[in-house]
Structures are given as structure tokens and as C-alpha cells.
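Undergrad: I would like the atomic coordinates for the input below:
(2 chains)
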Amino acid sequence: MKLLGFLIVLITGAVLIWATGEFPDWGDPGSPASVHVSPRYIEKTLEETSVPNAVTSVLADYRGFDTMFETTVIFAAGISCFMLLRLFGKERPETLHYRHLLTGLTIRVRRRKQSPEQLEEFEPMDSLWTPHDLILRTLCRFLIPFIQLFALYVIAHGHHSPGGGFQGGVILGASLILLAISQDMQSALKRIPERTLAMLAALGVSVYAGTGALCLVMGSNFLDYAALAGLFRVDPVEARSLGIFLVEVGVGIAVMATMILIYHNLASEGRLDEGL
Amino acid sequence: MTDHLPAFIVAVPLLTAFLVFALGWLRRELCFPVGLLGLGLAAWSCVGLLLEVLGSGPVTYRLGGWEAPWGIEYFVDTLNGMVLAAISVSAFIHWIWSAPAVKLQFQDRLGAIYGLQLLFVTGLLGMTITGDAFNLYVLLEIASITAYALIAMGEQRAALSSLNYVFMGTVGACFYLLGVGYLYIMTGTLNMADLARLLTGLHGSRAIQVAFVITMVGLWLKMAFFPLHGWLPNAYSHAPSPVSALIAPLMTKVMVYVMIRIDLYVFGPAYSFQKLGMDRAVVWLAVIAVIMGSIMALAQKNLKRMLTYVILVEVGYMVGGFWLGNRSGMTGAILHLLNDVFMTLGAFMAVGNLLYRLPGCSFGELRDVFSKMPFSMGALVATALSIVGVPPTCGFFSKWYLLLGALEAGQYGFLIALIFSSLISVVLFFRVFEGAFFRAQTHENAHHQPDHTMEEAPVQMVVPLLVVAAGLVALGIFSAEIVSTIVEPVIPPAFF
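TA: Predicted coordinates for the structure are as follows:
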């Protein structure tokens, strides 16, 4: 069976490579891909969308509809992880651990014995918790604001340089995951609770699809940003650039929230307690 | 307003999905009505669009306002108008029907499961309506990812079956994407109409040949065509019953639609049928699919699992009928596509009703279920008659066209497979009904009267099922009209 599988893979690969013999050469200026649709993207991007970066304009405007669904794929992956992994207090451990907030002392309570839950100085934790490392914690606290600033720059500067919503959103999400790793998941969840993350993920994708719907309401086709000219009080070409920025922000929010949601559920096996 | 119907069809369920997911955290009880409204609007738009296309010919819609090869275009003729209406109407019926079971099983993650169901429907609608080969892939991703997650929510071995489906489905989607990539390198475009125009000059190219074959293999994998069907029975039978009643009728059928669209409207009939000469081989594969599917269905001892093998048989019908390469076969395949959506929907909804009350639906557990759940079983009988192909139900008419097509093409193997599988399905369903109806009396001894109290599923689950069962008869009665107004115009004149 293994041999058969290997043979099939070999034959499929050979056929695929055999067919590439007909492909145009690398970087051939006369290849169909370079002469059919690309010239318009390269030549007219600036005058049609007022975005200097042709990649951004193809991604978010000419083929912006695809990108809307790419964002939706990420959103779907996030809520799939949440749905499959999240446990809602089904499996409680035998003993419960609590940490005293002011002194950092930890106590262990057997089940059905007196628990300090009514006391506000205690917070629940799990047995895997280790004390914070001062150096790591301080260093990360110092780094995180700069990472976030850079993320915002990447989102905002997608019009001119490589970047945009996906990349910026990933960096923004990574900064908060760094917080969860360097301290613990509870500290990260205290800053952005799970519910807020879910809301942000839904909000981000809704901003994208909602921009499209807004264009419909303004009387144009779905995602035809030129319709937003009246709203922004600019000319239609300038409006396209602003529309692209709007959806990039939506993508950034959705990607950030989804990344963190996936991390929280994976790292804590759906219990959302202390994490790694 | 009607100009924008194509945009509504995808945008409304998409935005509803986001809203429903958010409502799952805010006001859980609003998830159901909001989703119902969204799917209702989508169904209304689809039916409206189908009527418009019937009245005034194919409709195109430019997304983002960009003209075709540069931007993404929606293209709707009666073929995908019909598929869109079938998807949205069955998703709407399913939404009402599944609510009690979903609330029972997934109370704690209602927003997520409802959101994913809506995204799944969005993906299917988008795949059907689009006129862009890459856009189709993106929506295939959405429909697949949501399907994997929904299937994995089932009990016991569902996660493993879903993982198996993930691997196979990913290979299928990758093959399709590779095919599209090859086409793009050779033509420089992704728009289907533009591809069709440019491909006429490239019939001799071996890269195009490989692109065609690899696209077809990818699609066959996604539609579980023999011998690429391995993932389907486990995935669909281990899925939770509200989920399998949504995925089983729609996913494979939409993939069959995509195959028809790509073959007839991208590569064109001259290339797909005359140039390559692989049609006879595919029909023989379909013959094996139909016969093997029937035999494997016969070996099952569980109603839900048996139905998953019936799906394999139906896929064999449609692929074989299409590749017969004549007008009758193609009519049969397209008509069967429509009928099978509702036949499979009815069958899996009936199973869902049984599972709502019974611990499982192996044949032993179905004993005496006729007196307990007369309406659900009655609907299952109607569905079974349609799957067998008994006249006033719709299954008969599509099978008739398929038989005619096989006869005209001289493909007697396919003819025999059709008749053989129909006879097998008589046996299949008679076995179920015999156990569920007649055996009740023989097994109970004289002193012990069988328990005849009714334990029917909730009204909300029975009425939609009866509507679907009645719909099967209605589709049968109107099948002549459907063929002449919807199916005939989309078959290229190359087929006499």
C-alpha cells in the first residue's frame, strides 16, 4: 500500500513537471500572465485607485472580493478552533489552586472543601503555574508597545510599502500572545477578555463586508469604493484609496483577534486558565 | 434594487454569520431568528434571481465595479440559478428543522455552530454563483473548513473521520488550485468566460491537458467519486445529525455543479469530450462507483451509514450521466442534481428525527418505530421511493433521462448499473421498513402488547420534513417544465 502510494505520488509529480515544459520562461515579458491583465494593474493603479502599491490595489480593490473571503477563512478557522476546543467547565481538576493577588502566595484547596472564591484577593490558577521570571517579564513589557506601534505602522502603510491588514494584524496578535507567554494567560485575558476577542473578530470581518454593503446602500456595486466619495467628501479615485484603508483596518482587527483566540484555545487546551 | 440581487445572495448570509456569532455571546436566543431572517432573504434573492434569469437571460454582476478580466465577475444562467435556489431553499428548511436538535446538543456554543453553518452555506452559494475560477477556490476553502469543523463536533470517532476528510479534502482543493494555476500561467486570466475564449486556441497544449485532468481529479475527490470516496462514509455518518443533514445534500452536489460548469463553460464541450477522449473511461468509473456503492450500502447495518453509501451511488449517477456526452444524459445529470439535493435532504432529516428520539439508528434499534414516529417514517418512505425511482416522485424522471442517455450513447454498462442499483435500493429500503414496521408484531409475544404510544419528534422537526417529502412529488410533477425552461437552455448546442 505504501509502495502504491509512493508510485502514485511519483507519477503525479512527473506528469506535473512534464507539463511545465510548455510554460513560458521565468520573467518572460511576453508570457500570457504578463501581457493580458497585469499591464493594466501596473500602469493604471495610481490613476484608478490612487494607491502607489499595485499589490495592495489588486489585493484590496481589483480583487478585493477574494480578500474579503480570505479574511473570512481566517475568521472561520478561529471560530472552528473555539468551537472544537473550548471547554465550558466540564472537566474540573480534583484540587483547585488559588493565588493570593497581593503576596503572590499560592494555596491548594481540595474539592468540596472551603474555597476562597468569595474573597476577592484570590484568583484561580492551575497546577502548572510557575512564578514570573522578572527579566523576561520586564523585557517583554518593554518590547510589546514597540511591537504594537510597528504593527499599526504596517497596517497603515500598506498603501505605500509591503504590508497591510494581514501582516499588521499578525504582528499585533503576536504582541498580545507574547504577553500571554511572558506573564500568563490570565494577565492577557484581563487586558482583552475572551468575549471581547470574539466580538473583535466578528467586528473586523464585518467592517470589510460592511464596507461592501455600504457601497451597495450608496447605490453602487458591492465593494465599489468609489461610491463612498460622497461620504468622505473626496473625489471617487481618492475614495478608493480610503475604502482600501478601511477594509485593511477591518482585516487587521479580525486577524489580530482570531490569532489570539486560536492561541488561547490551543495553549490551554480550551480551558483558558494559565496557558503554557 | 433587483440589479444587486447577485451581491445579496452572498453578502446577506455572510453578514448574518458574523452577526449570529456575535449574538452567541450577547443574546443567545436571537441567534435562531436572525439566522432565519438571513437565510430567508438569501432564499428570496435566489428565487428572484432565477425568475429574472428565466425571464431575460443570463445576468452578470461586477464586484467592486471592475469589468471582467480585471475584477471578479458573477455570472448567473439558469443552471446555477437553479442550483442557487436549491441550496438556499434547502438551507432555509434545514435551519428551521435543525433548531431543536442544535439547541439540545450545542447549547454552550450556539453562536459558533450557527455561525459556521451560515458560513458553510455562504461558501456554497459563492462557489455556485461566481464566474471566476480563483474566487471559486476561495469559497471552496470556506465551505470545506466549516464542514471539517462541523463534522468534528460529532460523538466518538467524528474527530478522526474529520481529520481524514481534512487530508483528503485538502488534496482535492490543492489539485483544483494547481489546475487553475496552470491555466493562469498559460492564459493569464482567471475569469471563466475569458478562459473559455483563450483556451480555444490552446487545445493542443499538454499543460492545458494536465490542468484539465488535475482539476477534474481534485473535483472528483471533493465530490467523493469512486475510487476517491474513502473519506465520505465515516465523515458523514459520524457527524452530528443536524450537521450531516446540511452537509450531505449540498457539498457533493455543488461539486458536481462545479464539474459541469468547468467542463462545459471553461474548457468547452469540444475539448472536454472530443479532444481528450476520456469520456468512456469516466463512464466506466461511474459504473463501478454505482455498483460498488450499492453493494457496500447493502453491507451496512445502520440507516445513517447506509445513506452515506447511497450518496456515493448518486454521485456515480450524476458523473456518469454527464460524461455520457449526449443531451439526454446531461439533462438527466442536471435534473438529478436538483432532485438529489432534496432527496438526500429528506433522507438525512428523517434520520435526524429518528436520532432525536432513539439512541441510534442501527436496524435493531429501529424496531417498531413506525408506530412511534409515523410522520418521520412516512416521509422517509416517500424519500426512499424517490431514491428508488418510483413514478410520481422526482427520482423517476431524472433516472429516466439517464437511462435514455445510456441507451443513446450505447453505454450498456451504465444502463445495467442504473437498473442494478435501483433494484438494490429497493432491497435496501425494504429491509429498513420491514424491520421498522412488520417485525414489530412478529417479535412481540401474545401476552405482551407492543407499545404503540407516539413519540414523534417536535413539530418544528416534522413539518419541514413533510414539506421536503411533498416537494419531492412536486418536483416530479413539474419535471417536464423544469427540463424545458431550466435544463435545456444551458446544454450547449454541440450536444444534439
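Undergrad: Can you find the helix or strand of chain B with the lowest average pLDDT?
TA: Within chain B, no helix or strand scores below helix B:439-443, which has a mean of 51 by mean pLDDT, DSSP states H and E.
Undergrad: what comes up buried for the following helix or strand past that one?
TA: Helices and strands here follow DSSP states H and E; after helix B:439-443, the next one along the chain is helix B:459-477. For helix B:459-477, burial by neighbour count (16 or more other Cβ atoms under 10 Å in any protein chain shown) applies to B:461-462, B:464-469, B:471-472, B:475-476. In this view, the C-beta of every residue, glycine as well, is placed from N, C-alpha and C.
Undergrad: can you check stretch A:198-217 too?
TA: Quick answer for stretch A:198-217 (16+ other Cβ under 10 Å): A:198-216.
Undergrad: Now A:V234: closest residue in space, sequence neighbours ignored.
TA: Closest residue to A:V234 apart from its sequence neighbours, by Cβ to Cβ, 6 or more residues apart in numbering or on different chains: A:L242 at 6.7 Å.
Undergrad: do B:F348 as well
TA: Nearest one to B:F348, counting by Cβ to Cβ, 6+ apart, is B:A245 at 3.9 Å.
Undergrad: How about B:L15?
TA: Leaving aside its chain neighbours, B:L15 sits nearest to A:A209 (5.3 Å; criterion: Cβ to Cβ, 6+ apart).
Undergrad: Let me see the contact set for the one you found.
TA: Taking Cβ atoms under 8 Å, 6 or more residues apart in numbering or on different chains, we find A:A209 in contact with A:68, A:72, B:11, B:14-15, B:18.
Undergrad: So which of the residues you listed wins on neighbours?
TA: Among the contacts of A:A209, B:L14 has the most neighbours (other Cβ atoms under 10 Å in any protein chain shown), with 29 neighbours.
Undergrad: Now it: closest residue in space, sequence neighbours ignored.
TA: Closest to B:L14 by Cβ to Cβ, 6+ apart is B:T122, at 4.8 Å.
Undergrad: For the one you found, the count of nearby residues, please.
TA: Neighbours of B:T122 using other Cβ under 10 Å come to 29.
Undergrad: So it sits against B:L15, correct?
TA: No: counting by Cβ atoms under 8 Å, B:T122 stays clear of B:L15, with 9.4 Å between them.
Undergrad: Overlap of the contact sets of the two?
TA: Contacts common to B:T122 and B:L15, judged by Cβ under 8 Å, 6+ apart, are absent.
Undergrad: Any idea how many residues pack against residue 47?
TA: As the question left the chain open, I've gone with chain A. 8.
Undergrad: looking at chain B here, not the other one
TA: Other residues near B:V47 come to 16 when the count uses other Cβ under 10 Å.
Undergrad: hmm, back to that, element containing the residue nearest to B:L14?
TA: Going by DSSP H and E, B:T122 is in helix B:110-129.
Undergrad: what about stretch A:259-276, distance to the chain center?
TA: Stretch A:259-276 sits 15 Å away from the centroid of its parent chain (Cα atoms, centre = their mean, to the nearest Å).
Undergrad: ranges for the strands of the stretch 51-200 of chain A?
TA: A:95-100, A:106-110, A:122-125 (DSSP state E, counting those that start in this stretch).
Undergrad: JSON lines for those, including mean pLDDT, mean neighbour count and distance to chain B?
TA: Shown next, in JSON lines, are these (pLDDT from 0 to 100; neighbours: other Cβ atoms under 10 Å in any protein chain shown; distance: least, Cβ to the nearest Cβ, whole Å):
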{"stretch": "strand A:95-100", "mean pLDDT": "75", "mean neighbour count": "17", "distance to chain B": "21"}
{"stretch": "strand A:106-110", "mean pLDDT": "75", "mean neighbour count": "12", "distance to chain B": "25"}
{"stretch": "strand A:122-125", "mean pLDDT": "71", "mean neighbour count": "17", "distance to chain B": "19"}
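Undergrad: Many thanks, we can stop here.
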